[in-house]
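Chemist: pasted the sequence and its predicted model underneath.
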Amino acid sequence: MNFIAIDFETASGKRFSACSLALTVVRDSQITDQFYTLINPQTPFFWRNVQIHGIHEQDVANAPTFPAVWEHIHSFFTPEKLVVAHNANFDNSVLKNTLAHYNLAPAQYLTLDTLRTSQTLYPELTNHKLNTVADALQIELHHHHNALDDAQACANILLTQARQFGPQKLTPFIKPVH
C-alpha cells in the first residue's frame, strides 16, 4: 500500500485556522517518511482548542504560514495519490478551507477515512475515536491530538486493517476529493 496519512490541529473552530500539520508517508506498506510543522494561522486561538492540543498562540508566532508549508507538500495532493485521515471529513475540510482562505488552488486527491473503515470492520468497539481504535489494535499513540502522533497512528490503523482484512476490503472506502 502507498498512501499519506494526514492530521491537522486547528487554532479555533474556523476550518482555515490550521496551527499544526503532520504527514506520515507509507510506501510498499512501510512508513518511510514523516513531516511535521507548526503553522501560524494568522488568526486568534480559542481556549478550547488550546486545551485539546496544547498549542498556544506564542508557539506559532515564528512558524511558517500555510502558503509556505503548502509549497513543500502540495506534491502529495494529486489526483492519483491516496490521502488517509481518521475523521477525514475534518482534515479534508481544513485543507480545503485553508487553501481557499489563502486563494490557493483546490487540491484534488483520493481519500480514505479510517474512522469509517473502523466503524465497518470493528463494530464491537464502544466508539471509533482514534485513541480507542489504536488501543484496540495495540497501536502506539503517545500524545493524542499531537498531529504527528495522530498521523502515525492513522497510518498504522490502515496498515493493520490491510493485513487483517486485505487491501481489497478497503478499496470501496476510497473516494475522490475535488
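Modeler: Good, I have the coordinates.

Chemist: use CA for all of it now, contacts and neighbours both
Modeler: Fine.

Chemist: could you pull out the strands for this protein?
Modeler: Counting by DSSP state E, the segments of the chain that form strands are 3-10, 18-27, 30-38, 82-85, 109-113, 175-177.

Chemist: note down every partner strand of the third one and its orientation.
Modeler: Within its sheet, strand 30-38 is paired with strand 18-27 (antiparallel), according to DSSP bridges.

Chemist: now what about stretch 73-93, what contacts it?
Modeler: Stretch 73-93 is contacted from outside by 2-8, 15, 107-116, 130, 151, 154-155, 174, 176, using CA atoms under 8 Å, 6 or more residues apart in numbering.

Chemist: give the buried residues for that stretch.
Modeler: Across stretch 73-93, burial judged by 16 or more other CA atoms under 10 Å covers Phe76, Phe77, Lys81, Leu82, Val83, Val84, Ala85, His86, Asn87, Ala88, Asp91, Asn92.

Chemist: Ile139 versus the last one, what's the distance?
Modeler: This points to Asn92. Distance of Asn92 to Ile139, computed by CA to CA, to the nearest Å: 24 Å.

Chemist: tell me the helices and strands packed up against the longest helix anywhere in the chain.
Modeler: Determined from DSSP state H, the single longest helix within the chain is helix 147-165. If you count contacts as 3 or more CA pairs under 8 Å, 6 or more residues apart in numbering; DSSP states H and E, helix 147-165 packs onto strand 3-10, strand 18-27, strand 30-38, strand 82-85, helix 114-121, helix 130-136, helix 167-170.

Chemist: check the offset of stretch 96-116 from the chain's centre.
Modeler: 11 Å (CA atoms, centre = their mean, to the nearest Å).

Chemist: name the residues of it that come out as buried.
Modeler: The neighbour-count check on stretch 96-116 (16+ other CA under 10 Å) flags Lys96, Asn97, Thr98, Leu99, Ala107, Tyr109, Leu110, Thr111, Leu112, Asp113, Thr114, Leu115 as buried.

Chemist: span of that stretch from start to end?
Modeler: 20 Å.

Chemist: same question for stretch 12-24.
Modeler: End-to-end distance for stretch 12-24: 24 Å, by CA to CA.

Chemist: now do that stretch: distance to the chain's middle.
Modeler: Chain-centre distance of stretch 12-24: 9 Å, with CA atoms, centre = their mean.

Chemist: any chance of the buried residues of stretch 96-116 in CSV with pLDDT as columns?
Modeler: Compiled in CSV, the buried residues of stretch 96-116 are given as follows (pLDDT from 0 to 100):
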residue, pLDDT
Lys96, 98
Asn97, 98
Thr98, 98
Leu99, 98
Ala107, 97
Tyr109, 98
Leu110, 98
Thr111, 98
Leu112, 98
Asp113, 98
Thr114, 98
Leu115, 98
